[in-house]
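S.K.: dropping a prediction and its sequence here:
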Amino acid sequence: MISLYVFDMDGTLIDSGEDIADCVNATLSHFGYFNIPTQELISFTGDGARALIIRALKSSTRGKFDETTESGKRKTEEILAWYLSYYGEHPVTKTKTYAGIPELLKVLSKKGKKCALLTNKPEHVARKILDIFGIAGYFSAVVCPESGFRKPDPRALEMTVRKINESCGTKFGKENTVMIGDSAVDIKCGKSFGCMTIACRDGLGKREELLAEKPDLVFAVASEVEKFIDLLSSENGATEIQKSAMENNVPIMQDEGSDFICDFIRKTGAREILEIGSAIGYSAIKFARTAPETRVTTIEIDDERFESARKNIDAAGLSGRIEIIHADALEYEIGDRKFDVIFIDAAKAQYERFFEKYKANLSEGGAIISDNLEFHGMVADPSLTRNHSTLQLVKKIRRYVEFLKANEEFTTEFISLGDGISISRRRKISS
């Protein structure tokens, strides 16, 4: 059961590449060296400031700089000290947290999980950045090179776990710990320590080197961990379908949300369910298992997910009660069939169109349920992300929420479970 989440900083919690590159180039200019392209400098990160500066000096001088000579050592120390001072004064000019990071930390805290920061960045800079973004309070331990160890040395992670146990009164071990990072050194550190590892492939690290270390799970960004906290916390371990979802980064409902909907189905006696967005069949299988009479029709547009869902439904022995349709739900014509529950969990930008298209198929007294209406907390607080495409999606979800609130035909209840659920029922016409 995972209870301790250890995060790398650069490329995992924060997108700091441009600031680091700008500060290195400012340092090179100060000492009379040629500047280096930003992306090349970003590729030098991950092993700490000293390695970064030495790589930059070698690149700027086309390999002529020699840090092993006495003069080279003195020059390295002088340049490194200037860089650390300058970067310490300009750590967050362009830097931003990755989408969903503040909300992920908030959710982990709410669920009673412990978080630690393990970074090769100097401690005073790391703490300053945490303070600037208002997330310092989520970390029960901060371990930096000043501790005497740096990644990929597993003793750095061992010290992190020990600090957590001392400060929190816990008894965590490697079996309770996950190391989350964007570079090969993060995964090497976790593997050497013996804990679970999660790679963030869209960070600052070199992707090929990162994946070559064979992390246990791979996500685009760290905030995607939120979808699987309950699974990682399970004492009984994840089911095969849940493992498949994690390994392939397929979104499935958080347990508290899907459990709530299953209870709703039982309490209302719903027997015919329509699901828009099958993914790999996880929700459809849970819904079908609420009662022997329950039947689920589920629609999936993606080829691979459709095939995975079909196999999972067959493996669950539910192909007789779950009909899976391979189609675009906006184009598919389902006829005049009626459903007691219509569950919308597909392309978020199309929620309103799904609602309007399928409302005619809702049985009398039935409900349309929509998922992900909080979207990692960003719908209520868009400042949790600075990613343009994510912000555009959040705006569309907010418009859908406003559409539900203003709808004269339906009344909607909003429930803060999982990633935010709504239940819409037709208004009763007074006689």
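M.R.: Great, that's in hand.
S.K.: so which strand or helix has E275?
M.R.: Taking DSSP states H and E as the criterion, E275 maps to strand 272-276.
S.K.: repeat for D230
M.R.: Applying DSSP H and E as the criterion places D230 in helix 229-233.
S.K.: contacts for that helix?
M.R.: Taking Cβ atoms under 8 Å, 6 or more residues apart in numbering as the criterion, the residues outside helix 229-233 that touch it are 1-3, 107-108, 111, 113, 178, 196, 225, 238, 242, 245-246, 254-256. The C-beta positions use only the backbone N, C-alpha and C, and glycine is treated the same way.
S.K.: coming back round to it: indicate each strand paired with the strand holding E275 and its parallel or antiparallel sense.
M.R.: For strand 272-276, the paired strands and their directions (DSSP bridges) read strand 295-300 (parallel), strand 339-344 (parallel).
S.K.: buried residues in stretch 406-417?
M.R.: Neighbour-count burial for stretch 406-417, counted by 16 or more other Cβ atoms under 10 Å, picks out 407, 410, 412, 415, 417.
S.K.: oh, I was asking about stretch 216-228
M.R.: Applying 16+ other Cβ under 10 Å to stretch 216-228 flags 216-219, 221-228 as buried.
S.K.: just the C-alphas of that stretch, formatted as CSV.
M.R.: The C-alpha trace of stretch 216-228 is given here as CSV (Å, rounded to 0.1, in the frame of the first residue of the first chain):
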residue,chain,number,x,y,z
ASP,A,216,6.8,0.7,-13.0
LEU,A,217,4.3,3.3,-14.4
VAL,A,218,4.6,6.0,-17.0
PHE,A,219,2.4,9.1,-17.1
ALA,A,220,2.6,12.3,-19.1
VAL,A,221,2.8,14.5,-16.0
ALA,A,222,2.8,13.8,-12.3
SER,A,223,-0.8,15.1,-11.7
GLU,A,224,-2.1,12.1,-13.6
VAL,A,225,-1.2,10.1,-10.4
GLU,A,226,-4.4,11.5,-8.9
LYS,A,227,-6.6,9.1,-10.9
PHE,A,228,-4.9,6.1,-9.3
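S.K.: rounded mean pLDDT for it, please.
M.R.: The predicted model assigns stretch 216-228 a mean pLDDT of 88.
S.K.: for F133, find the nearest of the strands paired with strand 272-276.
M.R.: Among these, the nearest to F133 by Cβ to Cβ is strand 339-344 (33.3 Å).
S.K.: contact partners of the closest one?
M.R.: Contacts to strand 339-344, defined as Cβ under 8 Å, 6+ apart, come from residues 261, 264-265, 268-277, 283, 287, 297, 351, 354-355, 358-359, 361-363, 365-371.
S.K.: which other helices and strands contact the helix or strand following it?
M.R.: Once the chain leaves strand 339-344, the next helix or strand it forms, by DSSP H and E, is helix 351-358. Packed against helix 351-358, as judged by 3 or more Cβ pairs under 8 Å, 6 or more residues apart in numbering; DSSP states H and E, are the following elements: strand 272-276, strand 339-344, strand 362-371, helix 388-406.
S.K.: picking that back up, can you put the strands paired with strand 272-276 in TSV and add distance to R398?
M.R.: Supplementary listing: these in TSV, determined by distance: least, Cβ to Cβ, whole Å:
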stretch	distance to R398
strand 295-300	25
strand 339-344	16
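S.K.: please identify which of those is closest to I164.
M.R.: Using Cβ to Cβ and comparing these, the one that lies nearest I164 is strand 339-344, at 39.2 Å.
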